[in-house]
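Q: just a sequence and a predicted model for now, questions to come.
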Amino acid sequence: MTKPPELVHRQLNEIADFSNPQLLAGAADNVFIGEVITEVSSRRPDGFPETQYAVQLKKNLKGTLNGHITVNQLGGFEKNPGGHRILVLYNEDALLKKGQTYLFATRYLKSEKWHTAFSTHGTVELKNTLETNPSIQQMTQALQSPIVPDALKNKTNGTIQSSTESVKK
């Protein structure tokens, strides 16, 4: 019988309060609706797990993406020194689910050719993709008057988040 993975929560120090949709809209390179097709890889570029997904774009709200793109999400699986699997989640942001549609807010990382989703507020699971969906309405309204966070002003590819402590549950 396989033992379930240990769950580890790590907190991120974000450069702004991205629960404010206007700040999220101002910081994001792209905001779009997309369906997760499959997980394509998992990497540890900064020593912490990140998971990449193939996403089929459904609709742009900000940006001009099309077709299939790669979305990077902070978090994923790793192994402890004893070889047991650990699931690492950042800001309690659940991993994306295959076949599910999300409202994404991302920043493009040219060196990796992927779009990194903002933790928690950058991956909103949608039950429907109609214009009447409250999450879509809220983001559409925020995109009309976005606020660029101070930390991103005068920067072309600033870091949006940094990892701090880990808390085991």
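A: Received, thanks.

Q: pLDDT below threshold where in this structure?
A: Where the chain drops to pLDDT under 70, the residues are 1-2, 13-16, 131, 154-169.

Q: mind giving me the packing neighbours of the top helix by length along it?
A: For the chain, the longest helix by residue count, based on DSSP state H, is helix 134-143. If you count contacts as 3 or more Cβ pairs under 8 Å, 6 or more residues apart in numbering; DSSP states H and E, helix 134-143 packs onto helix 21-27, strand 30-43, strand 50-62, strand 101-109. Placement of C-beta: from N, CA and C, glycine included.

Q: what packs against the shortest one?
A: Right, the one you point to is helix 21-27. Secondary-structure packing of helix 21-27 (3+ Cβ pairs under 8 Å, 6+ apart): strand 101-109, helix 134-143.

Q: ok, now which ones touch Gln80?
A: Slight slip there: residue 80 is Asn, not Gln. Neighbour list for Asn80: Glu6, Ile86 [criterion: Cβ atoms under 8 Å, 6 or more residues apart in numbering].

Q: hmm, 6 Å instead?
A: Ile86 (Cβ atoms under 6 Å, 6 or more residues apart in numbering).

Q: over to the one 5 residues further on?
A: Shown in contact with Arg85 (Cβ under 6 Å, 6+ apart): Pro5, Phe77, Lys79.
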